[in-house]
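1. following is a predicted model, sequence given first.
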8 protein chains.
Amino acid sequence: MIRKLVFSALVLTPFIASAQTTLPTTHYLPLELATKASQAAVQACAKDGYAVSVAVVAREGAVKVLLTQDGAGAHTGNSAQGKAFTAAAMGRDTAGLAEFIATNPANNGLRDMDSRMVIQGGGVPIKFNNVVVAGIGVGGAPTGAIDANCALEGLKAIGADL
Amino acid sequence: MIRKLVFSALVLTPFIASAQTTLPTTHYLPLELATKASQAAVQACAKDGYAVSVAVVAREGAVKVLLTQDGAGAHTGNSAQGKAFTAAAMGRDTAGLAEFIATNPANNGLRDMDSRMVIQGGGVPIKFNNVVVAGIGVGGAPTGAIDANCALEGLKAIGADL
Amino acid sequence: MIRKLVFSALVLTPFIASAQTTLPTTHYLPLELATKASQAAVQACAKDGYAVSVAVVAREGAVKVLLTQDGAGAHTGNSAQGKAFTAAAMGRDTAGLAEFIATNPANNGLRDMDSRMVIQGGGVPIKFNNVVVAGIGVGGAPTGAIDANCALEGLKAIGADL
Amino acid sequence: MIRKLVFSALVLTPFIASAQTTLPTTHYLPLELATKASQAAVQACAKDGYAVSVAVVAREGAVKVLLTQDGAGAHTGNSAQGKAFTAAAMGRDTAGLAEFIATNPANNGLRDMDSRMVIQGGGVPIKFNNVVVAGIGVGGAPTGAIDANCALEGLKAIGADL
Amino acid sequence: MIRKLVFSALVLTPFIASAQTTLPTTHYLPLELATKASQAAVQACAKDGYAVSVAVVAREGAVKVLLTQDGAGAHTGNSAQGKAFTAAAMGRDTAGLAEFIATNPANNGLRDMDSRMVIQGGGVPIKFNNVVVAGIGVGGAPTGAIDANCALEGLKAIGADL
Amino acid sequence: MIRKLVFSALVLTPFIASAQTTLPTTHYLPLELATKASQAAVQACAKDGYAVSVAVVAREGAVKVLLTQDGAGAHTGNSAQGKAFTAAAMGRDTAGLAEFIATNPANNGLRDMDSRMVIQGGGVPIKFNNVVVAGIGVGGAPTGAIDANCALEGLKAIGADL
Amino acid sequence: MIRKLVFSALVLTPFIASAQTTLPTTHYLPLELATKASQAAVQACAKDGYAVSVAVVAREGAVKVLLTQDGAGAHTGNSAQGKAFTAAAMGRDTAGLAEFIATNPANNGLRDMDSRMVIQGGGVPIKFNNVVVAGIGVGGAPTGAIDANCALEGLKAIGADL
Amino acid sequence: MIRKLVFSALVLTPFIASAQTTLPTTHYLPLELATKASQAAVQACAKDGYAVSVAVVAREGAVKVLLTQDGAGAHTGNSAQGKAFTAAAMGRDTAGLAEFIATNPANNGLRDMDSRMVIQGGGVPIKFNNVVVAGIGVGGAPTGAIDANCALEGLKAIGADL
């Protein structure tokens, strides 16, 4: 019977409450904050007339939120996710990583470490008290620097470290 | 100079206004409505205690919105996108397609038509005046039928055809 | 019964006519013009003795037309689609993007933003009244500059912006 | 110097004329006929109100032509290519293969032989004098049988075996 | 300078201690326990003469541990990871899911929800106090039932729910 | 200096002679025998008028030999490799596995264990003294049974277990 | 009935003889010559003590032959196929292409044109009377120049253009 | 009957003992040593406060061991596997390869030879008596040099060549 597929861990309340006390814990960014940050970044770019995609990716690699503004290019959804993944996984802003590689070509292999990575300006880690919990990535503005500025507006909207 | 990368089509306002009058037009679901429908579906499932992912995919195939509830399984993001893509591209609810294949095994190849498709209950087309403009997909509730009910709440929230 | 699979949105006439008036619209390049542009590009290259593939990709990312001339290299179909996708999605000619990256190596990550992209001369956006509706890509001529010239003949054939 | 990239095999005329007489030859379907067949199939479906994608794939596996009608579903381009590849590679109509598998489930592995295959009604081999030179695939009509009928109109348009 | 790449979140100690108190937390299975469970499963199968691969995948989808016994088949590494991912993501043993699909063919689409899934006996969720924190998967024994028995020995070794 | 790239392990002679005596060893099928078996299988099918691809895959998963007969279908190269991989990795003939799944649908997940697998008649393990060292796969004959017969001729040609 | 799967185009003899006289023809490299060239290249490298993989890829993109010497690195099979594909598709030796890109970085996008390409020394086109019919690629020797020398021995063995 | 799936080659004992004496043999790194090396590398990095993933890949390309430390970035599992594969397949430390490419840009194509490769500091071959049997890769420390130092601790732990 299909009821057999029901299992308690998917039920919202116990998920964050009941696990064995001996297991360690880690913080994560809840959907509510991830959505708030994403919407702030979309709006920041829209205010300047740019149609972008914005993604928030959890530190463990899963996409929490993806929003694609009307008229944004067909590549921006993947671009935003790639930048957010990179910022979350490496705990670094992607513009800094891109500059680092450009001046240290022996580190070009960083681009090949994981197929989900995009090392291009526009991704920044989401940190609270200097601990990385996720990354936010923006794609579609005319430059990576503008993308990154919109991402920073996302951080501000949720009180994350700047 | 990097300014060369700026181009007007990415600027929001002219995108929906100025193209050649001789070109045909098509309707699309704007981000605002796509977000509203997604959030309604996430909330509908959460109200019953289920942590799900919800995606809205445009008829042309691009993901407009993806939201993943806290605690949803690691597969639900892809599952929701696949169901939404299928519903948008084929203009059919995915539960009906799954039943059709189960009783007509010579149509099993429908599953292989496009790697983005997931033919499993939980995806429904978003239609206005009987015209498909997108699809919404839900993944993570205990059954596809529950997933689909949450998706329908998304349709209601934006006044789409039921 | 298989008739259940029939749905009205796939029927040609209502598709471009009946959607909810409250939904926004966007212009698109119809198949007729996409084919005309592609054939003109194939012929322009053939006239000079070059066997090429030509693709037209819609701004939303789907391939509208692909034509592969007899004797064109086995890579040209994918090359043409990648250049057309890039030009459509970014609204830029691919030769300019390639030059931009070559002189700004910190932007090399643009190549990784989307697996469908090919940033190499031979792709140009299809614009009417300065609004991007698609991209055309050519692959197989001895240089990207020749590829791009054939692509421009495609634009001329349909009266697109030059 | 970039001129070094020019090589004679890409020049159209010698391609079909000058190779070593000791090498064997094989027939192929030229672009002109592939386009004619594809357009006939698109039109046959459009006449009945269906928006489809049509592909012609050479026996060696490369896509010769892909045409996507306005309003066709986002999956139809891949679906049409997959059906055309299967028909060309196996020399069989895909509906027959699908029926064969449905009644011989131990042959389900045929679906996994090559990631480019789609075993679903709508693909037919293009033969002249009973020799397979290509395949044509149609996707997007309400049933595979209608898809296949449109494909047959493509065969008729170029005088291929029926 | 390369020192710029150092960032505190990768440093072990603060990772589990210092994040903002307002962020929610989730339990996870530490490497030490994941390794212990994997080794117990490898040994349980080896004792009966079977060479297997064993994987532990975190609930969020990342592979924590993979061990491949000498002489195990070339597919067993991927098989074990797929089973472990499925058990972790869905919170169900994979044998039960496989039986469910076999008797409810309209749910065959479950297999396509995520490319990382393998719905075949041999994967079981790792739960403490009925909360799923990971999955363990075994591949390479003569039957899925034997695979699953070895996986259960892994659970016992770390005191997880049975 | 490029000479730095030379390293002794790629030099043929020491590879099979000098490793640490404390490390265990495994037998493998040398290229000479793999080629002989493949050519015998190609010829066996050709004698009956069938154009096939034949692959030999080592037990560890690497393709040792692939031969594609003139006129063989475009899918046969991948099909042959998939069948050979499956037979090598699982140590079973693929026809038997296909029959097993057909009569035990709860084992359909075997098809998803590794993307390199093709469970369809035509692959047989290569064993000497009942130890699997490789697999041979044939694709392109009208039935999997004929494919398998040609594969068996490959085994006979090198004195492998039948 | 399974006999229905038999079709004449797979039968060897008519394949090269009976197609419609109105269809154009193209030359191809038969398996016999492809095998001869591959074996000569393997032997040339082995004579100098290098364990390599050698591939011959037809101009249309399909792998005709792949041989992997005992002890060759795990990447050499894919490397050899990629170099052979590139040489066949572009009609150029891959070392020349690699040098061209190194001195013209704006052409780096050539590497992304097709996922089957590897632009690295060791691949050369197989031409007869200056017409490209295939490519041969070698991987595993200490330098691309040595790989290429072994490939040239393959050309000599079958009397192809040097 | 499912018992038919049992086959002797998967049984541990005969695997390393009974094959035909006429077949050649090769040495391999057993799971016990691979695990020991991996754990030593994880601990070496942890001692300095870095959370890393460590992989050991056999010379034939299969992953023997993967361990991911708590808190390591989401990309480190793939990064470690890629570095280990590269070191095993090419028999070189990946830092040296990265430097070689950086100073010889015409060899950039080495990065594209196999999709499993990651040419970035942190991978070293595992050799005994100068014969490569596997590779070890580390990902997640602040620099590739630190990654490589941890990898070397893995070599020391099992007495491999330094």
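-> The structure has been received and is ready for your questions.
2. name every strand pairing with the helix or strand where A:G137 lies and say which way it goes.
-> Using DSSP states H and E, A:G137 sits in strand A:131-139. When pairing is defined by DSSP bridges, strand A:131-139 lines up against strand A:53-58 (antiparallel), strand A:123-128 (antiparallel).
3. report the contact partners of the residue of chain A found nearest chain C.
-> For chain A, the residue closest to chain C is A:Q120, as judged by Cβ to the nearest Cβ, at 3.0 Å. Glycine gets a C-beta too; all of them are placed from N, C-alpha and C. Applying Cβ atoms under 8 Å, 6 or more residues apart in numbering or on different chains to A:Q120 gives the contacts A:79, A:82-83, A:94-95, A:98, A:144, C:107-110, C:112-113.
4. which PyMOL command selects the buried ones in these?
-> Buried subset of the contacts of A:Q120, written as a PyMOL selection, criterion 16 or more other Cβ atoms under 10 Å in any protein chain shown:
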select buried, (chain A and resi 79+82+83+94+95+98+144) or (chain C and resi 107+108+109+110+112+113)
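5. any chance of the contacts of A:Q120 in JSON lines, plus pLDDT and secondary structure?
-> Formatted as JSON lines, those follow (pLDDT from 0 to 100; DSSP: H, G, I helix; E, B strand; the rest coil):
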{"residue": "A:S79", "pLDDT": "98", "secondary structure": "helix"}
{"residue": "A:G82", "pLDDT": "98", "secondary structure": "helix"}
{"residue": "A:K83", "pLDDT": "98", "secondary structure": "helix"}
{"residue": "A:T94", "pLDDT": "98", "secondary structure": "helix"}
{"residue": "A:A95", "pLDDT": "98", "secondary structure": "helix"}
{"residue": "A:A98", "pLDDT": "98", "secondary structure": "helix"}
{"residue": "A:G144", "pLDDT": "97", "secondary structure": "helix"}
{"residue": "C:N107", "pLDDT": "97", "secondary structure": "helix"}
{"residue": "C:N108", "pLDDT": "97", "secondary structure": "helix"}
{"residue": "C:G109", "pLDDT": "98", "secondary structure": "helix"}
{"residue": "C:L110", "pLDDT": "98", "secondary structure": "helix"}
{"residue": "C:D112", "pLDDT": "97", "secondary structure": "helix"}
{"residue": "C:M113", "pLDDT": "98", "secondary structure": "coil"}
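6. quick check, A:Q43 in a helix?
-> Yes. Assignment of A:Q43 by DSSP: H, G, I helix; E, B strand; the rest coil places it within a helix.
7. measure it to chain E for me?
-> Plainly put, A:Q43 is 23 Å away from chain E if you go by Cβ to the nearest Cβ, to the nearest Å.
8. check contacts around that residue.
-> When contacts are counted by Cβ under 8 Å, 6+ apart, A:Q43 touches A:E153.
9. change it to 10 Å
-> Counting by Cβ atoms under 10 Å, 6 or more residues apart in numbering or on different chains, A:Q43 touches A:54, A:69, A:150, A:153-154, A:157.
10. once you drop chain neighbours, what's closest to A:A84?
-> Leaving aside its sequence neighbours, A:A84 sits nearest to A:G137 (Cβ to Cβ, 6 or more residues apart in numbering or on different chains; 3.2 Å).
11. likewise A:P105?
-> A:P105 sits nearest to H:A102 (Cβ to Cβ, 6+ apart), 4.3 Å away.
12. in terms of helices and strands, where is that neighbour?
-> Element membership for H:A102 (DSSP H and E) is helix H:94-103.
13. rewinding a little: including distance to chain F, could the contacts of A:Q120 go into TSV?
-> Converted to TSV, the contacts of A:Q120 look like this (distance: Cβ to the nearest Cβ, whole Å):
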residue	distance to chain F
A:S79	26
A:G82	22
A:K83	28
A:T94	30
A:A95	34
A:A98	29
A:G144	34
C:N107	30
C:N108	25
C:G109	28
C:L110	29
C:D112	23
C:M113	25
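14. would you turn the contacts of A:Q120 into TSV with distance to H:M90?
-> Output for the contacts of A:Q120, formatted as TSV (distance: Cβ to Cβ, whole Å):
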residue	distance to H:M90
A:S79	32
A:G82	27
A:K83	31
A:T94	29
A:A95	32
A:A98	27
A:G144	34
C:N107	30
C:N108	24
C:G109	26
C:L110	29
C:D112	23
C:M113	29
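15. and of the contacts of A:Q120, the nearest to G:D161?
-> Among the contacts of A:Q120, C:N108 lies closest to G:D161 (Cβ to Cβ), at 36.9 Å.
16. picking up where we left off before, for the strand holding A:G137, the distance to its chain's centre please.
-> Between the mean C-alpha location of strand A:131-139 and the chain-wide mean there is a distance of 3 Å, by Cα atoms, centre = their mean, to the nearest Å.
17. what angle sits between it and helix A:94-103?
-> Angle, strand A:131-139 to helix A:94-103, by axes from the mean of the first three to the mean of the last three Cα atoms, to 10 degrees: 80 degrees.
18. for chain D, what's its nearest residue on chain A.
-> Closest point on chain A to chain D, by Cβ to the nearest Cβ, is A:A74, at 11.5 Å.
19. and the closest residue to A:V118 other than its chain neighbours, what does it touch?
-> The spatial neighbour of A:V118 that comes closest, neighbours along the chain excluded (Cβ to Cβ, 6+ apart), is A:G82 at 2.8 Å. Shown in contact with A:G82 (Cβ under 10 Å, 6+ apart): A:55, A:57, A:75, A:94, A:114-120, A:122-123, A:137, A:139, C:109, C:112-114.
20. of these, keep whichever come out buried.
-> Of the contacts of A:G82, these count as buried by 16+ other Cβ under 10 Å: A:55, A:57, A:75, A:94, A:114, A:116-120, A:122-123, A:137, A:139, C:109, C:112-114.
21. so what's A:D93 closest to, chain neighbours aside?
-> A:V124 (4.5 Å).
22. what's the answer for A:G77, then?
-> Using Cβ to Cβ, 6+ apart, the nearest residue to A:G77 is A:S53, at 4.7 Å.
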